[in-house]
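In: I would like the atomic coordinates for the input below:
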Amino acid sequence: MFFADHNPPHFHVLGRGGAAQVAIESLEVIAISGRVDLREALEWAAANRDVLWAKWNELSGS
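Out: Down below sits the predicted model:
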């Protein structure tokens, strides 16, 4: 996973066959290219949303 610095607050999931952007607030898939199995990443994100927000705030200067 990696983060970007533009809204909406989101993170990127890279897979072997593609990539996806996922909103931190709702865990909604914002964009996807190729075939990406998001199951494990979304489970982790749901359990660690506070970590995602902290990293977003750190990297975006919020």
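
In: pLDDT below threshold where in this structure?
Out: 1-5, 62 (pLDDT under 70).

In: count the neighbours of Leu52 for me.
Out: Leu52 is flanked by 21 other residues according to other C-beta atoms under 10 Å. Using the backbone N, CA and C atoms, a C-beta is placed for each residue, glycine as well.

In: and it, how close does it get to Ile24?
Out: Going from Leu52 to Ile24 by C-beta to C-beta, to the nearest Å gives 5 Å.

In: overlap in contacts of these two?
Out: 11, 45 (C-beta atoms under 8 Å, 6 or more residues apart in numbering).

In: how about the strands in this structure?
Out: Along the chain, the segments classed as strands by DSSP state E run 2-3, 10-14, 17-23, 29-35.

In: tell me the most buried of those strands?
Out: Burial of those is given as mean neighbour count (mean count of other C-beta atoms under 10 Å); strand 10-14 ranks first at a mean of 18.

In: now do it against strand 29-35, angle only.
Out: Angle, strand 10-14 to strand 29-35, by axes from the mean of the first three to the mean of the last three C-alpha atoms, to 10 degrees: 10 degrees.

In: show me what strand 10-14 is packed against.
Out: Packing partners of strand 10-14 (3 or more C-beta pairs under 8 Å, 6 or more residues apart in numbering; DSSP states H and E): strand 2-3, strand 17-23, helix 49-60.

In: quick one: which of those is nearest Leu38?
Out: strand 17-23 (5.9 Å; C-beta to C-beta).

In: other SSEs contacting the closest one?
Out: Against strand 17-23 (3+ C-beta pairs under 8 Å, 6+ apart) you get strand 10-14, strand 29-35, helix 39-47.

In: could the ones you listed go into CSV alongside distance to Glu58?
Out: Shown next, in CSV, are the helices and strands packed on strand 17-23 (distance: least, C-beta to C-beta, whole Å):
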stretch, distance to Glu58
strand 10-14, 13
strand 29-35, 21
helix 39-47, 17
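
In: who does the most centrally placed residue in the chain form a beta bridge with?
Out: In the chain, the centroid-proximal residue (C-alpha atoms, centre = their mean) is Phe11; its distance is 2.5 Å. According to DSSP bridges, the partner residues bridging Phe11 are Phe3, Val22.
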